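> Fold the following.
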Amino acid sequence: MDEEQMVAHLAGTGRYRILRKLEPRPVATSFRPEFPLKAIILDTETTGLSHRKDEIIEIGAIAFTFNKQGEIGDVTGVYGGLQQPSVSIPSEITRLTGITDAMVAGRVIDIHTLRALIDPADLIIAHNAGFDRPKAKHAALEEARRLLRYRGGPLPRCARRP
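Numbering: from 1, shown residues only. A predicted model of the protein is given here:
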């Protein structure tokens with residue numbers, strides 16, 4: 001029995017739900033108009049489990065189009081970036097993520113490329129939203145602070161934490 005026959009047999013019993021490996025889609029050069037909405041899937045890896053204390057060492061994002069029925073259209077962009085943290089990556093994080101200090105040495109996440117994918121999104125999906133969302137928000141506030149310090153101004157009140 002070949003693989004397709006096994007899948008058909010198991011699915012045919014009604015006792016199994018067969019999941020297939022998701023094959024990466026190429027980034028489209030033109031987008032189908034029947035998928036007018038934009039979304040992004042975002043995932044982060046960090047030096048630990050605290051969104052306040054630990055630093056982002058990797059961000060991955062896939063932007064895509066979809067329609068009101070939730071059907072996925074075209075992949076519109078992909079970004080994966082590493083960033084060297086100010087501390088060494090703990091060994092338990094390296095075991096979990098596979099990311100080493102050598103891999104991130106001298107690397108910086110391209111915030112402009114990432115924002116170009118995120119800004120037009122109607123929907124943002126985070127792999128671990130309870131962790132990724134506050135971490136991304138904290139990182140965005142830190143980037144705003146850095147830019148404002150560079151320009152010599154204080155952080156606007158609306159951007160400060162309550």
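> This structure: strands as residue ranges?
The residue ranges that make up the strands of the chain, judged by DSSP state E, are 37-46, 56-66, 72-82, 123-126.
> Tell me the bridge partners for the residue nearest the centre of the chain.
With the centre of the chain defined as its mean C-alpha position, the nearest residue by Cα atoms, centre = their mean is L42, 2.0 Å away. When bridges are called by DSSP bridges, L42 pairs up with A61, A126.
> if we can go back for a sec, would JSON lines of the strands of the chain with distance to R107 and mean pLDDT be doable?
From N, CA and C alone the C-beta is placed, and that goes for glycine too. Supplementary listing: the strands of the chain in JSON lines, determined by distance: least, Cβ to Cβ, whole Å; pLDDT from 0 to 100:
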{"stretch": "strand 37-46", "distance to R107": "13", "mean pLDDT": "91"}
{"stretch": "strand 56-66", "distance to R107": "9", "mean pLDDT": "93"}
{"stretch": "strand 72-82", "distance to R107": "4", "mean pLDDT": "95"}
{"stretch": "strand 123-126", "distance to R107": "22", "mean pLDDT": "86"}
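> what's the closest of those strands to T97?
Nearest to T97 among those is strand 37-46 (4.7 Å), distances taken as Cβ to Cβ.
> What are the contacting residues of that closest one?
Counting by Cβ atoms under 8 Å, 6 or more residues apart in numbering, strand 37-46 makes contact with 54-68, 76, 93, 97, 99, 117-118, 120-128, 131-132, 135-136, all of which sit outside it.
> buried sites along that strand?
38-46 (16 or more other Cβ atoms under 10 Å).
> just curious, which of these is nearest to R25?
Ranking those by separation from R25, with Cβ to Cβ as the measure, puts I41 on top at 12.3 Å.
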